[in-house]
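[1] any chance you could fold what I've pasted below:
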Amino acid sequence: MTSQYPKFERSTVNVQNKGVRPLDGKTAIITGASRGIGRAIAIRLASEGARVMLAARDARALAAVADEIGTGAAVAPLDLRLPAAPAELVRIAVERFGCVDVVVNNAGATKRGEFLELTDEDWADGYALKLHGAVRLTRAAWRHLAAARGSLVNIAGTGGRTPGAQFTIGGSVNAALLSFTKAMADNGLRDGVQVNAVSPGTVRTDRFAKRLEALAAERQIPVSEAEAVFIREARVTRVGEPIDIAGLVAFLVSPAGRFLHGSLIDMDGGATKTL
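    Numbers count the residues shown, from 1 in each chain. As a prediction, this is how the structure comes out:
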């Protein structure tokens, strides 16, 4: 019986033509691309041959990343919390590069803190970018991804599966993003779009540096010693690096990673203890 779903492209690697990179000719939109994980993803995908559309609010930081990448990088300094911004981002990408093959929904940081001290505004802001921005960008880009038989990657977080008292906003937002990923994976079967999510654990970013400083002050120890304390108490192998996450995303959207679909991948040094 003929399947009702279109087939994905067969995963093949041309080992004879070593000059061809896995993402040559592809266009990728990366949100939150001005720093941290998003910056690392943009640089890695570009190194694999992709043309990259970089989005974030900080125009100066975006320009620095684009300069680092060089030819094939374009920037869109947009606030993706605004309802019209995701569609504008897709319009700019298509106008500049002619297509959209990959979307990486990476933007969005949520406020940590004691539950009773978090306001309605904190909760609304947490959902505005991380979830609603990702949903709107996915909607705006979907027909282009379908036409390209492309890939969608949502960058969630371990709090979506292992909530914590200090992370009530982030945990619930990430859980929603993981559920959204599973639902869109079903749509991807119908439309030929690969859909996956990556949940990073603790990664060495500016936000983590501030957490280390707070831990050092609390324990009255040097910042240089705080990381070892964090690793021991979090029961993880180490603190991750942005390039760790970038490498996984590059594999996911390459021909070699095409069999992964609807996957919720924890890359966290063992932080997630649940099944």
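
[2] which positions within stretch 85-98 qualify as buried?
    Across stretch 85-98, burial judged by 16 or more other Cβ atoms under 10 Å covers 85-86, 89-90, 92-94, 97. Placement of C-beta: from N, CA and C, glycine included.

[3] same deal with stretch 95-114?
    Buried, per 16+ other Cβ under 10 Å, within stretch 95-114: 97, 100-112.

[4] how confident was the prediction at the closest residue to Leu80 other than its chain neighbours?
    Closest residue to Leu80 apart from its sequence neighbours, by Cβ to Cβ, 6 or more residues apart in numbering: Gly133 at 3.9 Å. We have a pLDDT of 98 for Gly133.

[5] same question for Val75.
    98.

[6] wait, a helix at it?
    No - assessed with DSSP: H, G, I helix; E, B strand; the rest coil, Val75 is strand; it does not lie in a helix.

[7] the buried residues of stretch 95-114 in helices, which ones?
    Of the buried residues of stretch 95-114, the ones assigned to helices by DSSP state H are Phe97.

[8] measure stretch 263-275 end to end?
    Length of stretch 263-275, first residue to last, Cα to Cα, to the nearest Å: 14 Å.

[9] helix, strand, or coil at the residue nearest to Leu80?
    Three-state assignment for Gly133 (three-state DSSP): helix.

[10] that one touches Arg81, doesn't it?
    Yes - Gly133 is within contact range of Arg81, at 6.0 Å (criterion: Cβ atoms under 8 Å).

[11] neighbour count: these two, which is higher?
    Gly133 (26 against 19; other Cβ atoms under 10 Å).

[12] for that one, what are its contacts?
    31, 80-81, 85-86, 105, 107-108 (Cβ atoms under 8 Å, 6 or more residues apart in numbering).

[13] as TSV, those residues with distance to Leu215 and pLDDT would be great.
    As requested, the contacts of Gly133 are exported to TSV (distance: Cβ to Cβ, whole Å; pLDDT from 0 to 100):
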residue	distance to Leu215	pLDDT
Thr31	29	98
Leu80	31	97
Arg81	30	97
Ala85	35	98
Pro86	36	98
Asn105	30	98
Ala107	26	96
Gly108	24	92
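
[14] so Leu264 makes contact with Phe180?
    No - Leu264 lies out of contact with Phe180 (Cβ under 8 Å); the separation is 10.9 Å.

[15] domain map for this protein?
    What the record gives for the chain is the domain set 27-203+241-267, 205-239, from automatic domain parsing.

[16] doesn't Gly270 belong to a helix?
    No - going by three-state DSSP, the assignment for Gly270 is coil, not a helix.

[17] what is the burial count for the closest residue in space to it that isn't next to it in sequence?
    Excluding the flanking residues, the one nearest Gly270 by Cβ to Cβ, 6+ apart is Val236, at 5.2 Å. When counting by other Cβ under 10 Å, one arrives at 18 neighbours for Val236.

[18] also Asp244?
    Residues near Asp244, counting by other Cβ under 10 Å: 19.

[19] and it, helix, strand or coil?
    Per three-state DSSP, Asp244 ends up helix.

[20] contact partners for it?
    Neighbours of Asp244 in contact, by Cβ under 8 Å, 6+ apart: 200, 203, 267.

[21] all strands of the stretch 51-200 of the chain, in order?
    51-56, 73-77, 102-105, 151-155, 194-200 (DSSP state E, counting those that start in this stretch).

[22] quick one: mean pLDDT for the longest helix seen in the chain?
    Counting by DSSP H, the longest helix found in the chain is helix 168-191. On average, the pLDDT along helix 168-191 is 97.

[23] now that helix: how far from the chain's centre is it?
    13 Å (Cα atoms, centre = their mean, to the nearest Å).

[24] that helix vs strand 194-200, what angle?
    Angle between the axes of helix 168-191 and strand 194-200 is 160 degrees (criterion: axes from the mean of the first three to the mean of the last three Cα atoms, to 10 degrees).
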